[in-house]
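# Coordinates only, no sequence provided:
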Ligand SMILES: Nc1ncnc2c1ncn2[C@@H]1O[C@H](COP(=O)(O)OP(=O)(O)OP(=O)(O)O)[C@@H](O)[C@H]1O
Ligand SMILES: Nc1ncnc2c1ncn2[C@@H]1O[C@H](COP(=O)(O)OP(=O)(O)OP(=O)(O)O)[C@@H](O)[C@H]1O
Ligand SMILES: [Mg+2]
Ligand SMILES: [Mg+2]
């Protein structure tokens, strides 16, 4: 993380192009980290939701969707309170690492994870629900325990849904703004992401700069998405 | 729509409780309208994406995911440009209805639709991809044309995914903030939704009011979601 | 129904060539070993190989041709029973059947719901969902569903493989009757030659990447051809119904000037009856035999002997010639060949232990 | 292997009661009409009905008991061939088979990959995905997959229903051999009684909501019981191998002091050989018969006659008594009964046209 | 480390260029920066866009030394017609920042009351949004900041500078944060009060 950049003198109004590259880098890191962690956590959760007959299924499923109904800025506000030194998460992190989560990259990842979770579990749950129970029985009859059944059968069966869910989570993290603004603190090189750089330009009426970032982001995303989605051939 | 409210003098401080109810009402209407329209548009789109072998499939799929990578505020910014009298959509609407789309409920619905589309098509596409091709062949062999095949076989087969996708879209519209802020104009009774009322309270340091709205929204959503998700029993 | 199927279906390293131009009538059996391409041929006719460079014409209507847009499967007046039941999992048996009733508006025979339910004994299953049905029950519902869809041609891919003999025995004559009453031909896939020789009016053979019509079922059945190696061969014989002996419950059939006695009343089976006589049920005797419970004895002359596995097949040309030479096959041991001095040209009496009637045991 | 299955499986309005306590050895056939509960019983043993209030004990190990947590399916050393192939659609045949090899660490016999591939002739299919396989090929891969999983008991639910006779004839002896070599018993579901009487060491009968062991296969086969109505009955006879006549390619089997001649070399089939003799292949004669290609003649006395459909079944107690009375069934016409004056107590010679050896034609 | 209200961003960058010392500015809405300071984010100086938030910090004992570093000036920007009180008819659609949250919104609201004008209102989150509602032609006009019109080089005939007596002053207050680098904070506050800085601030559209 190029922390030195933040110490530099601020030149005129709009941050320069280097700043955008830096923000793009932070954004990519954030989205990758968030997606990677979600790809570990979400599939088991989605599988549990899709298969369990527990009475807790519906409440838990509702809970994973909850981050959706709060505006991200408000979510961010509450996360900020939780992640500050005085909050539960921040206090914990402070005690362990000597720094609260707020205004750090790690905090940003945590916040994005919470907010993007429904976009990853949602498609996965929908896909998992369609799993042919007969195949699971077949695997069990061969001696495969539930865990390897999940890893060796369910995940490969739904690899397309996994890719699609990962893309959704990734894209959403890239576009995420409210939470990042609230708990990130716009620190160049650490928590200043593209969406904020873009927002800054709109705020300062630098429309040319805004168009450039938005256009670049869209063009790049379109390319990457198209490329990724090619894999999902029927 | 109680348009007269917008004509009233805006008193300084924080809107009263009645205002929250009104905002809740607008929010519910907006989310319902958006979800209803998306439930008509998204399934055919998702089906096409999941089944076609056209080379346009990947680009189109990428395009539907694009609204995700732009921060909603920025999306809203561009939508505003499009929906203003001078923009393409706004000009069209102006020519037809005598009013541009910006700052109207209709405009809000359109914006939310665009923004929530990926959250509805995503899970649907993932679920549709898992459709057993053998069943489609069976239906065709009985004489069922593609359209009734979709309506009478595919949709009922994936009713759970439809419910899940609708819920995701609905919840997301409820929590949507950036676009509403940009193209809604915060007009009480027409475009002032809960997320904005909530945001206003955070901004004015009325944390008690914010906690109340957020808490109410969460509790209510948790209830509704849990109730809805009960239907998705495995 | 005039059916023309010409051309190729390529699936990976497997290619199936069809070169058929025939008048389908009644039941056409499509036989061949596992993997020979039977299902693939059905798929081509039904419209599920739209990209195959093949010609499919039915009664002069062009359904498919190379380098043309194929008519889609739903528009072809063909109803298929797939090798798997393929029931709609979210609908119970009744709604699965109703799906077919309301499927579409294409031309074709429509059977009555109640009739099909009664004939296939589906009434007790109507409320059950596919996952609640047993394998055989699923297959019966799938068959019923296909029958309820409008069609001018039925394609059945081993529609009774999961059924017990009793159900088969009940359903087979019903299908045969339908096919006659409504003049809807059936292409019936089976991997068992005796099974289909007993019911088929025509035989299509899938072998060596080809599907072709077998010229004469009778000649084919006694030709020593080993199309379905391992299967028990037999002969198909055409007879005329003569009389029913109510006391002994035997039908008397005429076969040239010989007579055959078959248990059961066949008076309704029509004046022309085709019988399938398995080679293993035919014994040969060099003198007249008495005091034996074998009623059917037909005189003839050995035309040829052929080793088959550990035993020998003998083709016996029956004296009861009716223009077309009718032959029987008998499976005998090497020792009998020696002991009885059997060879081509030797006169024998064929003792026919049992006889299967075409409309019966599918 | 000691197997105890007691209790009930309730599925909607259908309830299956099992009350079994038996020493499984070799092939146990599970027969019954479609919908009788055969698959349900297999599911119970395999562990897919964990909530059923039933007891399942194998070699003293308690797998399931009412009001206890059932041992999960994957931990039971049972490998199942389901009625449908259930191949993993995203894996080709080879990877499907390998899935079984690496499935888990439970106890049981493990067969060699190459051996199974060779025995089931899977080599040409290994690269293909399930949707590229024909129905019969899929079933063979599914069988291979089940064989490759570690197991102390195999449950096969109609594992060869989609195969042609040739494949069956090749695979059946292999399964039988496996079961002997590795001492892994097989429960083999079929809806065809003759098919299983020809191979089974034991018979389990599913009927009237019950699954119960049939006491003696021989006695059951000739008991006139009509468990699978419509099926061709027959008798199971136990013989000793005597000699193989290489010239005529006939095996000589001793049956009391009578002799039976069966095509093919049975010297490897063990000293004790069970034969299935279908009733329709047995004729009766009241005097000695000569100059006939029927080699096998057994003297005996009619014990009982029973009408069955349009013909008559005769149970003949053979003179060749070996302690346990061995009986044959013969299917004859009413007219023969009259003409030959057949009745209980009449002495006859049974002419046995063909004979199926247990390890042969499944 | 300075927390700077977003609407002061351009002016601050200009000041920073002439300031003799190291500055690390963080721009954001005053509400956001306030929340961050409350949650313990280390800043030395907070340049707010209003008076309420710095005052709240002082009341909580987190800051000291309130000091009005600039006063915003409200203008009415129009897309067509001649801007002035007469322009504000009931048919016009005019954008303003949310009076509940933004000082310029509050001022605009007071102006409308003082003029007894009742155009149709569209509320933006802040002046920036009000500005581009107008700039995009989504509304007929907007109450925005003079600083914005100057920075965007809007022709003078398109806006009307609202007389000061129509609204209470828009005071932008700076405070030093307790626990930070108080020397640096004092130096910056002193510089902001200097004639040089004030001249630049006024040139940027403030008083
Ligand atoms: N992609 C492919 N590559 C190679 N071979 C293929 C491919 N797809 C299908 N096949 C082969 O095509 C052949 C035709 O299969 P089909 O289903 O028509 O056989 P079938 O006669 O119906 O057999 P069964 O009686 O077993 O159902 C099979 O041998 C199969 O292995
Ligand atoms: N929910 C249910 N309600 C009523 N009957 C049910 C239900 N679930 C299963 N059954 C019945 O249970 C019976 C047992 O089916 P099972 O699959 O065990 O039969 P099977 O002997 O394997 O038959 P097949 O030879 O056709 O495969 C069937 O008659 C089926 O209709
Ligand atoms: Mg097939
Ligand atoms: Mg079954």
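Happy to help now that I have it. Being a predicted model, the structure only gives us computed values, none of them experimental. Ligands and ions are numbered 1, 2, ... in the order given.
# Buried ones in the helix or strand harbouring residue E:34, by neighbour count?
Per DSSP states H and E, residue E:34 falls inside helix E:30-38. Buried residues in helix E:30-38, defined by neighbour count with 16 or more other C-beta atoms under 10 Å in any protein chain shown: E:30, E:31, E:32, E:33, E:34, E:35, E:36, E:37, E:38. No exception for glycine: its C-beta is placed from N, CA and C like everyone else's.
# Within reach of chain A, which of these are there?
Restricting these to those near chain A by C-beta under 8 Å from any C-beta of the partner chain leaves E:32, E:35, E:36.
# how about the residues of the stretch 101-250 of chain C that lie near chain B?
Counting by C-beta under 8 Å from any C-beta, the positions of the stretch 101-250 of chain C adjacent to chain B are C:103, C:104, C:105, C:106, C:108, C:145, C:146, C:149, C:150.
# Next one: the fifth one from ligand 4, what distance?
Okay, so that is residue C:108. Noted for residue C:108: a distance of 32 Å to ligand 4, by C-beta to the ion, to the nearest Å.
# closest to residue A:165 among the buried residues of helix E:30-38?
Residue A:165 lies nearest to residue E:32 out of those, by C-beta to C-beta, at 31.3 Å.
# Got the confidence number for the closest residue to chain D within chain E?
Nearest to chain D in chain E, going by C-beta to the nearest C-beta, is residue E:32, at a distance of 48.3 Å. As predicted, residue E:32 sits at a pLDDT of 81.
# Go ahead and confirm it touches residue A:182.
Yes - Residue E:32 lies in contact with residue A:182 (C-beta atoms under 8 Å); the separation is 6.9 Å.
# ok, for the closest residue to ligand 1 within the stretch 101-250 of chain C, nearest residue in space, not its chain neighbours?
Nearest residue of the stretch 101-250 of chain C to ligand 1: residue C:191, at 4.9 Å (C-beta to the nearest ligand atom). Nearest residue to residue C:191, sequence neighbours excluded (C-beta to C-beta, 6 or more residues apart in numbering or on different chains): residue D:164, at 3.8 Å.
# measure the one you found to residue D:176 for me?
The gap separating residue D:164 from residue D:176 is 19 Å, by C-beta to C-beta, to the nearest Å.
# Was I right to think the residue of the stretch 101-250 of chain C closest to ligand 1 contacts residue C:37?
No - contact criterion C-beta under 8 Å: residue C:191 and residue C:37 do not qualify, at 12.0 Å.
# more neighbours, these two?
Remark: of residue C:191 and residue C:37, residue C:191 carries more neighbours, 29 against 26, as counted by other C-beta atoms under 10 Å in any protein chain shown.
# Who are the contact partners of the more buried one?
Applying C-beta atoms under 8 Å, 6 or more residues apart in numbering or on different chains, we find residue C:191 in contact with C:31, C:32, C:33, C:34, C:38, C:158, C:228, D:136, D:162, D:163, D:164, D:165.
# tell me the contacts of the nearest residue to residue A:39 once chain neighbours are set aside?
Nearest non-adjacent residue to residue A:39, counting by C-beta to C-beta, 6+ apart: residue A:166, 5.7 Å away. Going by C-beta under 8 Å, 6+ apart, residue A:166 touches A:35, A:38, A:39, A:120.
# Now the second one. Nearest residue, chain neighbours left out?
Think residue A:38. Counting by C-beta to C-beta, 6+ apart, the residue nearest residue A:38 is residue A:120, at 4.6 Å.
# The one you found contacts residue A:42, correct?
Yes - assessed by C-beta under 8 Å, residue A:120 is found in contact with residue A:42 at 4.2 Å.
# List phi and psi for the residue nearest to residue C:191.
Torsion angles at residue D:164 (phi, psi; degrees, to the nearest 10) stand at phi -80, psi 160.
# Read off the pLDDT value for it.
For residue D:164, the pLDDT comes out at 82.
# follow-up on the earlier one: could the buried residues of helix E:30-38 go into CSV alongside distance to chain C?
Formatted as CSV, the buried residues of helix E:30-38 follow (distance: C-beta to the nearest C-beta, whole Å):
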residue, distance to chain C
E:30, 56
E:31, 51
E:32, 50
E:33, 55
E:34, 55
E:35, 50
E:36, 53
E:37, 57
E:38, 54
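# can you tell me which of those residues lies nearest to residue C:20?
Comparing the buried residues of helix E:30-38 against residue C:20 with C-beta to C-beta picks out residue E:32 as the nearest, at 77.8 Å.
# can you tell me how far that closest one sits from residue E:105?
Computed as C-beta to C-beta, the residue E:32 to residue E:105 distance reads 17 Å.
# Do a quick rundown of the strands in the stretch 151-300 of chain C.
Counting by DSSP state E, counting those that start in this stretch, the segments of the stretch 151-300 of chain C that form strands are C:153-157, C:186-190, C:202-207, C:210-214, C:234-245, C:250-255, C:258-263, C:272-278, C:282-285, C:296-308.
# residue contacts, the residue in chain E positioned nearest to chain C?
With C-beta to the nearest C-beta as the measure, residue E:125 is the residue of chain E nearest to chain C, at 47.4 Å. Taking C-beta under 8 Å, 6+ apart as the contact definition, residue E:125 lies against B:181, B:186, B:199, E:97, E:98, E:101, E:102.
# and whatever residue of the stretch 1-150 of chain C ends up closest to ligand 4, what are its phi and psi?
Relative to ligand 4, the nearest point of the stretch 1-150 of chain C is residue C:135 (4.0 Å; C-beta to the ion). Backbone geometry at residue C:135, expressed as degrees, to the nearest 10, gives phi -50, psi -50.
# cool, residue A:71 as well?
The phi/psi pair for residue A:71 (degrees, to the nearest 10) reads phi -60, psi 140.
# I figured it was touching residue A:177, is that so?
No - with contacts defined as C-beta under 8 Å, residue A:71 does not count as touching residue A:177, sitting 10.7 Å away.
# between the two, who's got more neighbours?
residue A:71 (29 against 26).
# wait, what's in contact with the closest residue to chain E within the stretch 151-300 of chain C?
The stretch 151-300 of chain C approaches chain E most closely through residue C:151 (61.0 Å), counting by C-beta to the nearest C-beta. Residue C:151 makes contacts with C:77, C:78, C:79, C:108, C:109, C:184, as judged by C-beta under 8 Å, 6+ apart.
# Skipping its backbone neighbours, what lies nearest it in space?
With C-beta to C-beta, 6+ apart as the criterion, residue C:151 has its nearest non-adjacent residue at 3.6 Å, and that residue is residue C:79.
# So which of the contacts of residue A:166 belong to helices?
Assigned to helices by DSSP state H, the following of the contacts of residue A:166 qualify: A:35, A:38, A:39, A:120.
# Low-confidence stretches in chain A?
Regions of chain A meeting the criterion pLDDT under 70 cover residues A:1-17.
# burial count for the closest residue to chain D within it?
Closest contact between chain A and chain D, by C-beta to the nearest C-beta, is at residue A:143 (3.4 Å). Residues near residue A:143, counting by other C-beta under 10 Å, number 25.
# Surely it is in a strand?
No - Residue A:143 is assigned coil when assessed by DSSP: H, G, I helix; E, B strand; the rest coil, not a strand.
# Burial check on the nearest residue to it once chain neighbours are set aside, number of neighbours?
Nearest residue to residue A:143, sequence neighbours excluded (C-beta to C-beta, 6+ apart): residue D:104, at 3.4 Å. By other C-beta under 10 Å, the residues close to residue D:104 number 18.
# Residue A:148 is in contact with residue D:104, correct?
Yes - here residue D:104 reaches residue A:148: they are 7.1 Å apart, a contact under C-beta under 8 Å.
# need the contact list for residue E:91.
Taking C-beta under 8 Å, 6+ apart, we find residue E:91 in contact with E:119, E:120.
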